[in-house]
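Chemist: just need the structure, nothing else, for what follows:
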Amino acid sequence: MTTGNESGGAEVVLGPAQYGKAEVRLLHVDRSGPRHDITDLNVSITLAGDFAETYLTGDNARVLTTDAQKNTVYALARKFGVTPVEEFGLRLARHFAAVPSVDRAQVWIEQYGWRRIEAGGAPHPHSFERLAGTRVASAHVRDGGGAEVVAGVEDLVLLKSSGSEFQGFLTDPYTTLEPTQDRILATAVRGHWRYANTGQAWDAAFTGARAALAEAFAVTHSRSLQQTLYAMGEAVLAACPGVCEARFSLPNKHHFLADLAPFGLDNPGEVFYAADRPYGLIEGMVGRAGTSAGDPEHTW
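Modeler: As a prediction, the model looks like this:
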């Protein structure tokens, strides 16, 4: 903490602080051949270090402007390309960590998926449609050179129409939920996995982890969303030896059977309505035995 001023007889200090450029939008088009490839990114940068004077006195001598941070994103994209995004994030974070006043730099990247539009029975060379689910990557670098990479997926909506139950739970005077042996299970996955080191085959690791968690969701007969979370984490670790832990935040997207009796109709598990809130929120980490929790200042 850094000393500030006296206020009301008590010393006032500056606590932990950071700044950066948020949500730099970048579309990179690879035109090296007749078949174009696009990479759609949203990049956010956070810097921490010797910046107390700008907060306390307005002295900006040690401040790298957020405009310069934005321009760096575009310049390094042009010089080196942007894929895989984990490598691009590391390159940016190492660049910013080398600034003398910076102690640590974190770069968070969201990658929005696109696929080619089918036209005339074949993928069109330069037309695309947006995919569901967002690939994310975070690179965290200290000025001493230590680095950590986290990758994952957000807003990946998964649903199974059977193979899920919920029963045998604790009840109290306020419990109204009825046990069920067969229900719709749906969630919007926010899943992040941390790598043991930065020497990874990034694209292959991401593809393997994403496929593994989705398959685990599909094939696990779920007795609770908590059980499914563990199965998904276990599957990611099995598919990706370079991953040391996986964390998930899984909202339970409730679907309730519609009451059609007032209309003289039965409803044998065919017509449901989706309730957007409130919802159950299940969170947890699955890691290899002996795995450390990662950098405590690296929030992911």
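Chemist: burial measure for Gln18, as a count.
Modeler: 14 (other CB atoms under 10 Å). Heads up, the C-betas are built off the backbone N, CA and C, glycines and all.
Chemist: so who does it touch?
Modeler: For Gln18, the contact set (CB atoms under 8 Å, 6 or more residues apart in numbering) comprises Thr46, Leu47, Ala48.
Chemist: most neighbours, which of those residues?
Modeler: Busiest of the contacts of Gln18 [other CB under 10 Å] is Leu47, holding 24 neighbours.
Chemist: buried set for the helix or strand hosting it?
Modeler: Under the criterion DSSP states H and E, the helix or strand holding Leu47 is strand 37-49. By neighbour count with 16 or more other CB atoms under 10 Å, strand 37-49 contains the buried residues Asp37, Thr39, Asp40, Leu41, Asn42, Val43, Ser44, Ile45, Thr46, Leu47, Ala48, Gly49.
Chemist: over to stretch 119-136?
Modeler: Phe128, Gly133, Thr134, Arg135, Val136.
Chemist: what is the helix or strand hosting Arg91 packed up against?
Modeler: Following DSSP H and E, one finds Arg91 within helix 85-97. Packing contacts for helix 85-97, counted by 3 or more CB pairs under 8 Å, 6 or more residues apart in numbering; DSSP states H and E, involve strand 37-49, helix 66-80, strand 102-119, strand 122-142, strand 147-160, helix 202-219.
Chemist: any idea which of these gets closest to Arg25?
Modeler: strand 37-49 (5.8 Å; CB to CB).
Chemist: put the alpha carbons of the closest one into CSV.
Modeler: Extracted C-alpha coordinates of strand 37-49, given in CSV (Å, rounded to 0.1, in the frame of the first residue of the first chain):
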residue,chain,number,x,y,z
ASP,A,37,-9.5,-17.4,-42.8
ILE,A,38,-10.8,-14.9,-40.2
THR,A,39,-10.1,-14.6,-36.5
ASP,A,40,-12.5,-12.4,-34.5
LEU,A,41,-11.1,-11.2,-31.1
ASN,A,42,-11.9,-9.0,-28.2
VAL,A,43,-8.7,-8.2,-26.3
SER,A,44,-8.5,-6.6,-22.8
ILE,A,45,-5.2,-5.6,-21.1
THR,A,46,-4.6,-5.0,-17.4
LEU,A,47,-1.3,-3.6,-16.0
ALA,A,48,-0.2,-3.3,-12.4
GLY,A,49,3.1,-1.8,-11.1
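Chemist: now that strand against strand 102-119, angle please.
Modeler: 170 degrees (axes from the mean of the first three to the mean of the last three CA atoms, to 10 degrees).
Chemist: off-centre distance for strand 37-49?
Modeler: Averaging C-alpha positions (CA atoms, centre = their mean, to the nearest Å) puts strand 37-49 13 Å from its chain's average.
Chemist: helices or strands up against the helix or strand following that strand?
Modeler: Where DSSP H and E defines the elements, the next helix or strand beyond strand 37-49 is helix 52-56. The contact analysis (3+ CB pairs under 8 Å, 6+ apart) places helix 52-56 against strand 2-7, strand 10-14.
Chemist: in the sheet, who's paired with Leu27?
Modeler: Asp40 (DSSP bridges).
Chemist: and the residue nearest to Asp67 when sequence neighbours are not counted, what does it touch?
Modeler: Leaving aside its chain neighbours, Asp67 sits nearest to Lys21 (7.7 Å; criterion: CB to CB, 6 or more residues apart in numbering). Lys21 is in contact with Ser44, Ile45, Thr66, Asp67, Gln69, Lys70, Val73, counting by CB under 8 Å, 6+ apart.
Chemist: how about Lys21, phi and psi?
Modeler: Recorded main-chain torsions at Lys21 are phi -110, psi 130, according to degrees, to the nearest 10.
Chemist: much appreciated, bye for now.
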